[in-house]
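Enquirer: Compute the structure for the input listed below.
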Amino acid sequence: MEAEIVKAARGWVGTKFHHQGRKKGVGVDCIGLIVGVVKELGAEVADRVDYCRQPHNGELEKALLGYLQPCEIKVGAIALFRISREPQHVGIISNYGENFGLIHAYAQARRVVEHNLDEWWKERLTGCFY
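Expert: As a prediction, this is how the structure comes out:
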């Protein structure tokens, strides 16, 4: 299943970043990427687009725990990151060469990207879920 998750996520690479977006090839945010991949794989997922860019009170982590179990870092897992105060960003762990990679809708890059899970990202990783 891990390979299918990563393959589906890679199909979104290049999609423009759009807050609360949900359309492959058109516009998506980090949560929309996860929702889109899960739906492509045939699973049901509760979705909403009434959230702000800065989650409060652990909202994003609570939402993940409502559907998934915490796990060690592994290919296919959903990774949760703290960029500023609270965990606010998610992506999918991939195999990137001989290392872990990260596929995510990255606002600074203005699109969905895949890159090495470098030290900057590892320092901000708060947990993985599967």
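
Enquirer: wait, doesn't residue 125 sit right on residue 80?
Expert: Yes. Here residue 125 reaches residue 80: they are 7.4 Å apart, a contact under C-beta atoms under 8 Å. (Glycine included, C-beta is placed from N, CA and C.)

Enquirer: Just list the residues touching residue 25, thanks.
Expert: Listed by C-beta atoms under 8 Å, 6 or more residues apart in numbering, the contact set of residue 25 reads 14, 15.

Enquirer: got the residue ranges for the helices in the protein?
Expert: 2-10, 30-40, 59-65, 119-124 (DSSP state H).

Enquirer: what pairs with the biggest strand by length in the chain, and is each one parallel or antiparallel?
Expert: Longest strand in the chain, counting residues (DSSP state E): strand 87-96. Partners of strand 87-96 in the sheet, by DSSP bridges, are strand 78-82 (antiparallel), strand 99-106 (antiparallel).

Enquirer: Low-confidence bits of this protein, can you list those?
Expert: For the chain, no stretch is flagged by pLDDT under 70.

Enquirer: relative to its centroid, which residue of it is most remote?
Expert: residue 98 (20.6 Å; C-alpha atoms, centre = their mean).
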